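J.: Here is a sequence with its predicted model. Questions after.
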Amino acid sequence: MHQRTRPTDAPALGHNNSGATDPGCTRHILLVELGVSILKTVCHPEVLTVFRLAIAESDRVPEIARTLDSSGREANQKALTELLRKAQARGLVLAGDPAVLAVRYLVVLWGDLLIRLLMRVRAAPTEREIEVRARAATETLINSSSKLGKRKEAAGQ
């Protein structure tokens, strides 16, 4: 079960100091929870074992790796892209190609974590690290989206 956001986390998630909710708060919470869910799922030892099996058997049975990729990584990326597309339609994400923004989010979320886990050169991330990674990915996405929107406004687009 995923841990809910604590009230002390509110300023980072779009609440102002008066306790009022910023319009982007739901977007922030949703993106953080999505990142937490992805990391908790993929960093689970049994899931990592499936990845290792797919890698080990990729020469003999490449369909295993293709299936894992399409139902895992690619599915997450498509779902995030669609979420961002809908958020843009509602004015919650300012600008940018949703597919590019989704990739940027996932790159920041993962860094080199997955490859290091697969090689067994590090331990699984703690709950705290997972939360920090999800927040960093969310803030990167929101900030880059905002900067792009401001540049387009300045250019008169």
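T.: Cool, the structure landed. Worth saying up front: this structure is predicted, and the values here are computed from it rather than measured. Numbering: from 1, shown residues only.

J.: And stretch 28-39, what's buried?
T.: 28-29, 31-36, 38-39 (16 or more other C-beta atoms under 10 Å). All C-beta spots, glycine's among them, are computed from the backbone N, C-alpha and C.

J.: Pipe those residues into TSV and attach distance to S71 and pLDDT per row.
T.: Formatted as TSV, the buried residues of stretch 28-39 follow (distance: C-beta to C-beta, whole Å; pLDDT from 0 to 100):
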residue	distance to S71	pLDDT
H28	28	86
I29	26	91
L31	22	92
V32	24	96
E33	21	96
L34	17	95
G35	19	96
V36	20	98
I38	13	96
L39	17	97
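
J.: Out of those, flag the one nearest to A54.
T.: Among these, I38 lies closest to A54 (C-beta to C-beta), at 17.5 Å.

J.: what about the closest one, distance to V50?
T.: To V50, I38 is 15 Å away according to C-beta to C-beta, to the nearest Å.

J.: Also R116?
T.: When C-beta to C-beta is the yardstick, R116 and V50 sit 17 Å from each other.

J.: low pLDDT regions in this structure?
T.: Along the chain, the model assigns pLDDT under 70 to residues 1-24, 94, 145-157.

J.: got a list of what the residue nearest the centre of it touches?
T.: Central residue check for the chain by C-alpha atoms, centre = their mean: the C-alpha nearest the mean position is that of G35, 4.0 Å away. For G35, the contact set (C-beta atoms under 8 Å, 6 or more residues apart in numbering) comprises 105, 109, 130, 133-135, 137-138.

J.: tell me which of the residues you listed is nearest to T81?
T.: Of all the contacts of G35, Y105 has the smallest distance to T81: 9.7 Å, by C-beta to C-beta.

J.: Test my guess that the closest one contacts L83.
T.: No: under the criterion of C-beta atoms under 8 Å, Y105 makes no contact with L83, lying 10.0 Å away.

J.: Start and end of stretch 106-114, how far apart?
T.: Counting by C-alpha to C-alpha, to the nearest Å, you get 11 Å between the two ends of stretch 106-114.

J.: Buried residues, it. List them.
T.: When neighbours are counted by 16+ other C-beta under 10 Å, the buried residues of stretch 106-114 are found to be 106, 108-110, 113-114.

J.: Relative to R66, which of the residues you listed is nearest.
T.: Here the nearest of those to R66, counting by C-beta to C-beta, is L114; it sits at 17.4 Å.

J.: how near is that closest one to G72?
T.: The spacing between L114 and G72, counted by C-beta to C-beta, is 11 Å.
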